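Student: when you get a sec, could you give me coordinates for this:
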Amino acid sequence: MFRFLRPFLRGVTYTRQLHLWVPALPFTVWVFVYPAAPWAPALVVVPMGLVPAVRRLEGVQARLLLTSGEPEPGISQEPSATWRDRRRTALWLAVRLVLGAVATIVTVWLPLLSVSLVQVAVGSVPGGVPILEDAPHHWAYALLAPLPLIAFGAGVVGLGELITAAARRLLGPSPAERMAALEAWTEQLLERTRIARELHDSIGHALTVAVLQAGAARTAGDPAFTDRALGAIEETGRAALEDLDRVLRVLREQEKPVGSRPALLDADRLLESARASGATVDAEVTGPVETVPGPVSREGYRILQEALTNVLRHAGAVPVRVRIGVADGTLCLDVRNPLPRDAPGHREGSGLRGIRERAALLGGRAWTGPEQGDWRVRAELPVA
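Tutor: Residues are numbered from 1 along each chain as shown. Down below sits the predicted model:
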C-alpha cells in the first residue's frame, strides 16, 4: 500500500502538475471566451516552436519542474541549432498543450465528480456535473465516490511521467550536442589519466630517489656523504610536493593546467637527482631543445623522468647514458643502462606503458626493452 502512496510524497509529482497547468490556464480561458474555435491556440503554439530561443526556455522550465534538478536529466538547455530541433520543439509545445488540457480535466472534474456522487447519495442536488443532476438519490452512489479519486491519483502520477518522457524525447540533446558532450567527457577522462600518470611519475621518482639515498647514507658511514644524501632527498621531496600541489590545485579548480609543469629545460634537475643517488650519468644534449613546443617538452620531461626512475628502481647505481636531441623536426630521447647479471625476468609496469602512451598521444613512438646487454628506452616525438 505504501508503494502506491510513495509518488504523492515526492515534490516532483506536484511540480510536474504545475508544469502541465502553465499552458492549460490560457488555453482554458480561450475556450471559455471563444468556445467555437478551441483549436486556435495551436496556430500560435506551432510557430513559436520555430524560434530558436524557445527551446532553451522550455528546456530550463522542464529541467526545473519535471526532473527536480537531476544531474543528467536528458533535457537540453541549448537553443535550436537545426530545423530538426525546431520541429521537435514545435511538436513538444503541441504535446504539452494537449497534455495540459487533459491534466485540467483530470485534476478538476474528477474530484468534482466524486463530490457530486456523495451529494447524490445523501439526497442533495449535485452541482457542476450535468449527468448526475437527474440521478435518483441512493446511498449506493457513495460507494462509487472513491473511484474518481483513485482515477485522479493515477492521472496525476501518470500524466507527470508521460510529460517527463515526452520532454526527454522531444527536448533531448541533438546529435551534435551529444557529440559535444562526448568530446567533453573524453577530454575529462584524458585529463584524469594524465594527472594519474603525472602523479605516478613524479611521486614514484621522488620515493625511489629517497629510498636509495637513505639506504646509501645508512651504509656509507660518512657524514659528508650523509649530508649530500639528505640534501638530495630534500630537493627531490620538495619538487614532488610542488608537483602534487599543482595537480591538486588543478583538481580543485577543475581547469586545465596552465603550462606550469616542468619541461626539458629543467632536465638538469632529474640528472642531478640521479647522480646524487649514486648513478653515473653521461648526458648529452644536442639541437635547439629550447624551441620544442611546450606540450612536447613537458611530455619529454616525464618520459625522461620515468626512464631514470626505472633505472634507479631496477638496476641501482649503474652507469646511465642519456641522449637528448632535436633534429629534422623530431625530439629524440635515448636512455641506456647495463642490465645486472642477476636481473629477474622482465615484467612491464605502468611506467613503461605510460612512456609509450605519452609518445603515442603526441603522434610519436617509443621502445622499451633489453638491447645488446643494456636496457634501453628510446622515444621519438614530432616537434611540429
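Student: which stretches of the stretch 51-200 of the chain have low pLDDT?
Tutor: 69, 71-72, 125-131, 133, 183-184, 186-188, 190-191, 194, 198 (pLDDT under 70).
Student: which strands or helices does whichever helix or strand R321 is part of pack on?
Tutor: In the assignment (DSSP states H and E), R321 maps to strand 319-327. With contacts taken as 3 or more C-beta pairs under 8 Å, 6 or more residues apart in numbering; DSSP states H and E, strand 319-327 sits against helix 267-276, strand 280-286, helix 294-314, strand 330-338. Where C-beta positions appear, they are placed from N, C-alpha and C, glycine not excepted.
Student: could you look over the ones you listed and pick the most buried one?
Tutor: Most buried of those by mean neighbour count (mean count of other C-beta atoms under 10 Å) is helix 294-314; its value is a mean of 23.
Student: return that one as CSV; C-alpha atoms alone will do.
Tutor: Output of helix 294-314 as CSV, limited to C-alpha atoms (Å, rounded to 0.1, in the frame of the first residue of the first chain):
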residue,chain,number,x,y,z
GLY,A,294,55.5,23.2,-24.6
PRO,A,295,53.4,20.1,-24.7
VAL,A,296,56.1,18.1,-26.4
SER,A,297,58.8,19.4,-24.0
ARG,A,298,56.7,18.6,-20.9
GLU,A,299,55.9,15.1,-22.0
GLY,A,300,59.5,14.6,-22.9
TYR,A,301,60.5,15.6,-19.4
ARG,A,302,58.1,13.0,-18.0
ILE,A,303,59.4,10.3,-20.3
LEU,A,304,63.0,11.0,-19.2
GLN,A,305,61.9,11.1,-15.5
GLU,A,306,60.2,7.7,-15.8
ALA,A,307,63.2,6.2,-17.7
LEU,A,308,65.6,7.4,-14.9
THR,A,309,63.3,6.2,-12.2
ASN,A,310,63.2,2.8,-13.9
VAL,A,311,67.0,2.6,-13.9
LEU,A,312,67.3,3.5,-10.2
ARG,A,313,64.5,1.2,-9.2
HIS,A,314,65.6,-1.9,-11.0
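Student: return the distance of that helix from the chain's centre.
Tutor: 29 Å (C-alpha atoms, centre = their mean, to the nearest Å).
Student: do stretch 368-384 as well
Tutor: 35 Å.
Student: circling back: could the helices and strands packed on strand 319-327 go into JSON lines alongside mean pLDDT?
Tutor: Listed next are the helices and strands packed on strand 319-327 as JSON lines, based on pLDDT from 0 to 100:
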{"stretch": "helix 267-276", "mean pLDDT": "85"}
{"stretch": "strand 280-286", "mean pLDDT": "91"}
{"stretch": "helix 294-314", "mean pLDDT": "86"}
{"stretch": "strand 330-338", "mean pLDDT": "93"}
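Student: picking up where we left off before, who's in contact with the strand holding R321?
Tutor: Residues outside strand 319-327 that contact it (C-beta atoms under 8 Å, 6 or more residues apart in numbering) are 264, 267, 271, 274, 279-289, 291-292, 300, 304, 308, 311, 331-338, 383.
Student: how about that strand: buried residues?
Tutor: V320, R321, V322, I324, V326 (16 or more other C-beta atoms under 10 Å).
Student: tell me how far the last one lies from R376.
Tutor: Between V326 and R376 the distance is 20 Å, computed by C-beta to C-beta, to the nearest Å.
Student: domain parsing for this protein?
Tutor: Using automatic domain parsing, the domain parsing of the chain gives 2-173, 179-382.
Student: pLDDT wise, what is the residue nearest to Q61 when sequence neighbours are not counted at?
Tutor: With sequence-adjacent residues excluded and distances taken as C-beta to C-beta, 6 or more residues apart in numbering, Q61 is closest to H19, at 6.9 Å. According to the predicted model, the pLDDT of H19 comes to 90.
Student: what's the helix or strand for H19?
Tutor: Per DSSP H and E: helix 11-33 holds H19.
Student: mind giving me the packing neighbours of that helix?
Tutor: helix 40-49, helix 52-66, helix 83-104, helix 146-170.
Student: ok, which of those comes nearest P111?
Tutor: helix 146-170 (5.9 Å; C-beta to C-beta).
Student: which other helices and strands does the very next helix or strand once past that closest one contact?
Tutor: Going down the chain from helix 146-170, the next helix or strand is helix 175-220, by DSSP H and E. Counting contacts by 3+ C-beta pairs under 8 Å, 6+ apart, helix 175-220 is packed against helix 223-253, helix 267-276, helix 294-314, helix 350-361.
Student: closest to D201 out of these?
Tutor: Nearest of the helices and strands packed on helix 175-220 (C-beta to C-beta): helix 294-314, 5.0 Å.
Student: tell me what angle that closest one forms with helix 267-276.
Tutor: Going by axes from the mean of the first three to the mean of the last three C-alpha atoms, to 10 degrees, helix 294-314 is angled at 0 degrees with respect to helix 267-276.
Student: hey, what's the angle from the strand holding R321 to strand 280-286? Just curious.
Tutor: 10 degrees.
Student: now strand 319-327, how far from the centre of its chain.
Tutor: 39 Å.
Student: tell me the strands beside it, with direction?
Tutor: Sheet pairing of strand 319-327 (DSSP bridges) gives strand 280-286 (parallel), strand 330-338 (antiparallel).
Student: mind checking these for the one nearest to A90?
Tutor: It's strand 330-338; of the strands paired with strand 319-327, that one is closest to A90 (C-beta to C-beta) at 55.6 Å.
Student: now the angle from the closest one to helix 350-361?
Tutor: 160 degrees.
Student: now find how far off-centre strand 330-338 is within its chain.
Tutor: That offset, for strand 330-338, works out to 37 Å (C-alpha atoms, centre = their mean).
Student: need the contact list for the closest residue to R313 other than its chain neighbours.
Tutor: Once flanking residues are discounted, R313 sits nearest to T208: 5.0 Å by C-beta to C-beta, 6+ apart. T208 is in contact with S277, T309, L312, R313, counting by C-beta under 8 Å, 6+ apart.
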